[in-house]
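*Asks:* coordinates only, sequence not included:
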């Protein structure tokens, strides 16, 4: 039965060979990751911008709704008796 340390050493050598092979084929790791990282940043920025826009629209909608309700309640609370002009007869 092989020793655990031997298995770990073989796996590390295999991983190192894979990394060297991919570096040879695709170039330096900094050059390989730029497009993917920038795409993730772009998507994250778009999501954050969409959430910010939705929050602004929601706040605007709620404030408009509250102001309309305040105006509607102020028109309902007007006095029901209209003052008569001076010199006019009351029924």
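*Replies:* Good, I have the coordinates. Since we're looking at a predicted model, the values are computed, not measured.
*Asks:* For this structure, which segments are assigned as helices?
*Replies:* 4-26, 29-76 (DSSP state H).
*Asks:* Do me a favour and average the pLDDT over the shortest one.
*Replies:* Regarding helix 4-26, the rounded mean pLDDT is 89.
*Asks:* ok and it relative to helix 29-76, angle-wise?
*Replies:* With axes from the mean of the first three to the mean of the last three Cα atoms, to 10 degrees defining the directions, helix 4-26 sits at 80 degrees from helix 29-76.
*Asks:* roughly how far out does helix 4-26 sit from the chain middle?
*Replies:* 40 Å (Cα atoms, centre = their mean, to the nearest Å).
*Asks:* Could you do stretch 61-76 as well?
*Replies:* That offset, for stretch 61-76, works out to 29 Å (Cα atoms, centre = their mean).
*Asks:* Check which residues of that stretch are buried.
*Replies:* Buried residues in stretch 61-76, counted by 16 or more other Cβ atoms under 10 Å: none are found. Quick note: C-beta positions are derived from backbone N, CA and C, even for glycine.
*Asks:* quick one: low-confidence ranges for this structure?
*Replies:* 1-2, 29-35, 76-85, 87-91 (pLDDT under 70).
*Asks:* can you list the helices of the chain in a markdown table and add distance to residue 86?
*Replies:* Shown next, in a markdown table, are those (distance: least, Cβ to Cβ, whole Å):
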| stretch | distance to residue 86 |
| --- | --- |
| helix 4-26 | 95 |
| helix 29-76 | 27 |
